[in-house]
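# sequence first, then the predicted structure:
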Amino acid sequence: MRKLIAGNWKMNGALAANRALMEALLAGVQARSPACDVAVCPPAVYLAQLQALLQGQDAIALGAQDVSEHEAGAFTGNVAAAMLREFGVRYAIVGHSERRNYQGESDAQVALKAQRALAAGITPIVCVGETLQEREQGQTEAVVTRQLDALLECSGARVADMVLAYEPLWAIGTGHAATPQQAQEVHAALRARLRAALSVPQAAGVRILYGGSMNAANAASLLAQPDIDGGLVGGASLKAQDFLEIIAAAG
Ligand code: PGA
């Protein structure tokens with residue numbers, strides 16, 4: 001399966017810095033033509049800037065960090081999927097743990113967001129993952145299965161057109177990535193759940209990304225696991241050289 005490396009810039013960036021980063025990334029991917037898909041997900045206000053910078057090439061796709069579960073209307077501060085589409089957005093991160101925690105997004109709300117994105121022609125990258133406490137209590141599989149089941153309940157077989165991202169909360173921004181074995185174990189459990197809910201080929205075709213302190217040094221061993229189909233990269237996606245090395249490790 002063609003892997004996907006997506007950069008999650010979170011709340012970082014500025015006009016001049018974005019331009020410099022994108023020029024370096026574009027030069028890097030054009031020089032190496034990677035055999036994986038690549039996306040960058042800037043803060044929403046910079047989507048128009050990045051759309052212009054990315055025009056005329058298809059090596060790097062544009063992604064958003066969130067999308068409203070509503071179609072349009074009186075939802076102050078929200079951004080609709082159709083609006084994102086107008087700016088060339090192809091992917092939307094949905095249900096990142098920072099949004100689940102700080103904005104109180106529920107499993108059901110995340111599932112609606114994913115459904116709304118897909119309906120507008122945007123591929124949602126739906127994040128699931130457990131806290132350190134949940135892991136220590138042996139609940140990892142139960143937690144990620146509950147989060148995935150909300151998606152399946154809402155969208156059924158259309159989950160086959162989504163991307164999942166396993167992001168253990170204890171690995172995000174900590175410098176302590178999951179080991180390849182720890183990640184593979186959870187990815188395999190997610191795959192098995194997909195297999196039970198969808199057809200076998202559909203389940204095999206869903207890309208399951210790993211996220212949480214992925215960097216140039218650990219990417220290759222994580223991406224070599226049979227059920228790890230790419231990466232959702234935070235901190236390391238803000239440095240062109242590091243992100244390019246992760247892309248190279250994916251293909
Ligand atoms: P990190 O973030 O790579 O900085 O750990 C990943 C994410 O939160 O998507």
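On my side now, so go ahead. Numbering: from 1, shown residues only.
# near the ligand, which residues of the stretch 101-250 of the chain?
By Cβ under 6 Å from any ligand atom, the residues of the stretch 101-250 of the chain that approach the ligand are 167, 172-173, 211-214, 232-236. C-beta coordinates here come from the backbone N, C-alpha and C atoms, glycine included.
# can I get those residues in TSV including distance to L151, neighbour count and secondary structure?
Listed next are these as TSV, based on distance: Cβ to Cβ, whole Å; neighbours: other Cβ atoms under 10 Å; DSSP: H, G, I helix; E, B strand; the rest coil:
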residue	distance to L151	neighbour count	secondary structure
E167	15	29	coil
I172	20	22	coil
G173	24	12	coil
G211	17	28	strand
G212	20	26	coil
S213	25	21	coil
M214	23	30	coil
L232	16	28	strand
V233	22	28	strand
G234	22	23	coil
G235	27	18	helix
A236	27	20	helix
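# for those, which one is nearest the ligand?
Nearest to the ligand, judged by Cβ to the nearest ligand atom, of those is G234 at 2.2 Å.
# returning to that earlier point: farthest-separated two in the residues of the stretch 101-250 of the chain next to the ligand?
Farthest apart among these by Cβ to Cβ are E167 and A236. That separation is 13.9 Å.
# tell me the secondary structure of the residue nearest to F87 when sequence neighbours are not counted, please.
The shortest distance from F87 to any non-neighbouring residue, by Cβ to Cβ, 6 or more residues apart in numbering, is to L47 (4.4 Å). In three-state terms, and counting by DSSP: H, G, I helix; E, B strand; the rest coil, L47 is helix.
# burial measure for L47, as a count.
Around L47 there are 22 other residues, counting by other Cβ atoms under 10 Å.
# with A188 instead?
16.
# so what's it up against?
Contacts here follow Cβ atoms under 8 Å, 6 or more residues apart in numbering; on that basis A188 touches 226-227.
# okay, buried residues for the strand or helix carrying it please.
Take DSSP states H and E as the rule and A188 turns out to sit in helix 180-197. Using 16 or more other Cβ atoms under 10 Å as the test for burial, helix 180-197 gives 180, 182-184, 186-191, 193-194, 197.
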